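Enquirer: one predicted model, sequence on top.
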Amino acid sequence: YGVITLEYKETTTEVVNKDDQKHLDEYLKKMCPTNAPAIEEYKHVFVEQKIKGQEEKEFTVNNPEFWVVKVNNEWYILQIQ
């Protein structure tokens with residue numbers, strides 16, 4: 001594919017309130033019915049992503065969002081939408 005340029009910039013991070021955290025906990029229990037460690041904290045992260053191939057003049061801009069969770073004092077990206 002040649003050379004690509006990829007840039008990321010965090011635009012906003014929101015701490016998840018208790019009601020939303022409860023909803024996410026319930027969702028995760030349905031999707032992953034294993035004995036996973038308890039999630040201590042959630043954050044909702046919004047990012048600006050710019051990507052450009054070597055043949056392109058302009059960047060394509062996307063605005064992905066994702067959740068990060070704290071488990072045993074470590075932060076992880078949670079792959080849900």
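Expert: Ah, there it is.
Enquirer: quick one: which helix or strand includes residue 8?
Expert: If you go by DSSP states H and E, residue 8 is part of strand 4-15.
Enquirer: what helices or strands is that strand leaning on?
Expert: Contact here means 3 or more CB pairs under 8 Å, 6 or more residues apart in numbering; DSSP states H and E; on that basis strand 4-15 packs against strand 41-53. Backbone N, C-alpha and C define where each C-beta goes, glycine included.
Enquirer: name the helix or strand of this structure that has the lowest mean pLDDT.
Expert: In the chain, no helix or strand scores lower on mean pLDDT, DSSP states H and E than helix 18-31, which sits at a mean of 82.
Enquirer: about what we covered before: just the mean pLDDT for the strand holding residue 8, thanks.
Expert: Average pLDDT, strand 4-15: 91.
Enquirer: now do it against strand 41-53, angle only.
Expert: 160 degrees (axes from the mean of the first three to the mean of the last three CA atoms, to 10 degrees).
Enquirer: secondary structure class for the residue of the chain most remote from its centre?
Expert: Taking CA atoms, centre = their mean, the residue of the chain most remote from its mean C-alpha position is residue 55, at 29.3 Å. The three-state label given to residue 55 by DSSP: H, G, I helix; E, B strand; the rest coil is coil.
Enquirer: for it, which residues are in contact?
Expert: residue 2 (CB atoms under 8 Å, 6 or more residues apart in numbering).
Enquirer: measure it to residue 61 for me?
Expert: Residue 55 is 18 Å from residue 61, where distance means CB to CB, to the nearest Å.
Enquirer: geometric centre of this structure: which residue is closest?
Expert: residue 66 (2.1 Å).
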